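*Asks:* Need the 3D shape of this:
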Amino acid sequence: MSREIFINLPVRDLEKSKQFFANLGFTFNAQFTDEKAACMIVSDKAYVMLLTEPFFSGFTKNQIADTSKATEALLALSCTSKAEVDSMVRKAIDGGGRHAMDANEMGFMYNWSFYDLDGHHWEVLWMDPAHVQ
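*Replies:* Just a heads-up that it's a prediction; the model follows:
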C-alpha cells in the first residue's frame, strides 16, 4: 500500500509562512487552505499542513514546542541537484529563515539546512541516484 503523509506544523503567522514557502517554490491546495490552515504540496503523496497555533493546539493536549529552545523534528526534503539544495537554502535564509547547520558534502550525498520563520528545522538534501539502490 502506498501511503500519503501529512505533516502538521504550528505557525504564528499563516500568511507570512505561506509566502515564505511559496518563495521556495511550493504551492498550496486551495481545497484545504483557509484562514486557519494551509496545505502545502511537497509531492503527490506528501503534504505539510501549516496550522495557526490556536488551531494546532486543538489537536493535542501537549504544549507546542518552543523551537527557540528545542528541535521538535528534522524535516528532510530531497532535491534533484546540489545546486537546487544551495538555491533553496539561500532563498529560505534570504526570506527570513535562519541558518541551521553548515553544508555537508559526503560524496554520494550533500545536505544543508535552515530554520523556517517558526523555527522548524528543514534539512535539504541531494543523493546521487547511482548510489541509491
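*Asks:* From now on I want contacts and neighbour counts done on CA atoms only, so please keep to that.
*Replies:* Noted.
*Asks:* chain center to stretch 31-41, what's the gap?
*Replies:* 15 Å (CA atoms, centre = their mean, to the nearest Å).
*Asks:* average pLDDT for it?
*Replies:* Summarised as a single mean, pLDDT over stretch 31-41 is 98.
*Asks:* Buried residues in it, which are they?
*Replies:* When neighbours are counted by 16 or more other CA atoms under 10 Å, the buried residues of stretch 31-41 are found to be 36, 37, 38, 39, 40, 41.
*Asks:* Not counting that stretch itself, show me its contacts.
*Replies:* Stretch 31-41 has contacts (CA atoms under 8 Å, 6 or more residues apart in numbering) with 14, 18, 26-30, 47-52, 55.
*Asks:* Using CSV, list the CA coordinates for stretch 36-46.
*Replies:* This file holds the C-alpha atoms of stretch 36-46, laid out as CSV (Å, rounded to 0.1, in the frame of the first residue of the first chain):
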residue,chain,number,x,y,z
LYS,A,36,-6.6,28.7,10.0
ALA,A,37,-4.6,26.3,7.8
ALA,A,38,-2.7,25.9,4.5
CYS,A,39,-2.0,22.6,2.8
MET,A,40,1.5,22.9,1.3
ILE,A,41,2.1,20.4,-1.5
VAL,A,42,5.5,18.6,-1.3
SER,A,43,4.7,15.8,-3.7
ASP,A,44,1.7,13.8,-4.9
LYS,A,45,1.9,11.8,-1.6
ALA,A,46,3.4,14.3,0.9
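*Asks:* residue ranges for the strands of this protein, please.
*Replies:* Along the chain, the segments classed as strands by DSSP state E run 5-11, 27-29, 37-41, 46-52, 74-78, 98-99, 104-105, 109-115, 121-127.
*Asks:* Between the contacts of stretch 31-41, which sits nearest residue 74?
*Replies:* residue 48 (13.3 Å; CA to CA).
*Asks:* and the closest one, what are its bridge partners?
*Replies:* Residue 48 has these beta-bridge partners by DSSP bridges: residue 7, residue 40.
*Asks:* wouldn't it be in contact with residue 4 here?
*Replies:* No - between residue 48 and residue 4 there is no contact under CA atoms under 8 Å: 11.0 Å.
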